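**Q** Build me a model from this:
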Amino acid sequence: MYRLGCDLGVDTTTWSRVPVGVDPTSSAVGSVPSVVAVGTDGELRVVGPDSAADAEVTTRFVDALGASEPVMVGGTPYGVEALVGCVLAEVVAVNVAQTGAVPAKFALVHDDDLDPYRRSLLTEAARSAGISVEQFVLVRRSDADAADDDDAAAGAAAVAAASLPPVVGGAGGASDVAAAGGVAAGGVAGAAGAAGVAGAGPSTR
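**A** Below you'll find the predicted structure:
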C-alpha cells in the first residue's frame, strides 16, 4: 500500500510515491509531461514534447482550468478538466505499472487561492482518471510546502497520510485498496491502455 502525491504543472507534472506502514513498495519520485494529444485511434493520451506525427498535441492547458472556452484537440473540443484527468491517469498508470498496486490515497496539490469551482473541476478530473472520491485528497500548496519544502508532491503525500486508516497486518495489495475504495479498476486499466510516452523515469529515494 502506498500514497501518491502529485503536483500538476503547466509543462510537467511531478509525483512522489510514499509507502504506508511496512510495505515492500519503494519510495520513488518521477514526472510525466503535461502534454496531451489525440492519436489516430481518437483516444486522448499523454505524450512527450516530441510527439508522433499522427497526434495533434495541446500544451500549457493547466492554467486555463475553469475557462468557459473548450480546448480544441484533434478537431474535438475538450474541457480542461478532461485534459487534466488524462495527465492524472498517466501518473496512476505509471505507478501501477511499477508496483502492481493502486495508491491508497492520491493527493493533488492546488494553489491556496483556487476557488471552489476550479477545485471541483480538479475533483472531476480525478474522477475521469478513475480515482475514487474516497481516495482523492486536495492539498493546499502551503500545507504541502509545510510538510516538505523541497517537494510539494511529497508534502501532499505526507498530508494525505492523516486521512488513512491505521495499517493492520502486512502490506496491502491492490485488492486491499480496491476494497477500501481505491482507484476503480476500469479507470486504471483505461489509463494504462491509453498511456502515451511517460515522462522522466522515477528515481528511488
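**Q** for the nearest residue to Gly75 once chain neighbours are set aside, what are its contacts?
**A** Leaving aside its chain neighbours, Gly75 sits nearest to Glu56 (7.6 Å; criterion: C-beta to C-beta, 6 or more residues apart in numbering). Every C-beta, even on glycine, is put in place using the N, C-alpha and C of the backbone. Applying C-beta atoms under 8 Å, 6 or more residues apart in numbering to Glu56 gives the contacts 37-38, 73-75.
**Q** redo that, cut-off 6 Å
**A** If you count contacts by C-beta atoms under 6 Å, 6 or more residues apart in numbering, Glu56 has them with 37-38, 74.
**Q** Now tabulate those in a markdown table and tack on pLDDT.
**A** Below are the contacts of Glu56 laid out as a markdown table (pLDDT from 0 to 100):
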| residue | pLDDT |
| --- | --- |
| Ala37 | 92 |
| Val38 | 88 |
| Gly74 | 84 |
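**Q** quick one: secondary structure of the most centrally placed residue in the chain?
**A** Residue closest to the average C-alpha location in the chain (C-alpha atoms, centre = their mean): Leu88, at 3.0 Å. With DSSP: H, G, I helix; E, B strand; the rest coil as the basis, Leu88 sits in helix.
**Q** nearest spatial neighbour of it, skipping sequence neighbours?
**A** Ala129 (4.0 Å).
**Q** isn't that neighbour right up against Glu90?
**A** No - Ala129 is beyond contact range of Glu90, at 8.5 Å (criterion: C-beta atoms under 6 Å).
**Q** Name the next helix or strand following the strand or helix carrying Phe106 along the chain.
**A** Following DSSP states H and E, one finds Phe106 within strand 105-110. Heading C-terminal from strand 105-110, the first helix or strand you meet, by DSSP H and E, is helix 116-128.
**Q** Just the buried positions in that following helix, please.
**A** 118-119, 121-123, 125-128 (16 or more other C-beta atoms under 10 Å).
**Q** for stretch 134-148, same thing?
**A** Buried-residue list, stretch 134-148, by 16+ other C-beta under 10 Å: 135-141, 143-145, 147-148.
**Q** what residues does that stretch touch?
**A** Contacts for stretch 134-148 (C-beta under 6 Å, 6+ apart): 105-112, 119, 126, 152, 154-156, 158-160, 163, 181-182.
**Q** if you set the cut-off to 7 Å instead, what comes out?
**A** 105-112, 119, 122-123, 126, 152, 154-156, 158-160, 163, 181-183 (C-beta atoms under 7 Å, 6 or more residues apart in numbering).
**Q** Any of those residues buried? List them.
**A** 105-110, 119, 122-123, 126, 152, 154-156, 158-160, 182-183.
**Q** From Phe61, how far off is Ala147?
**A** 28 Å (C-beta to C-beta, to the nearest Å).
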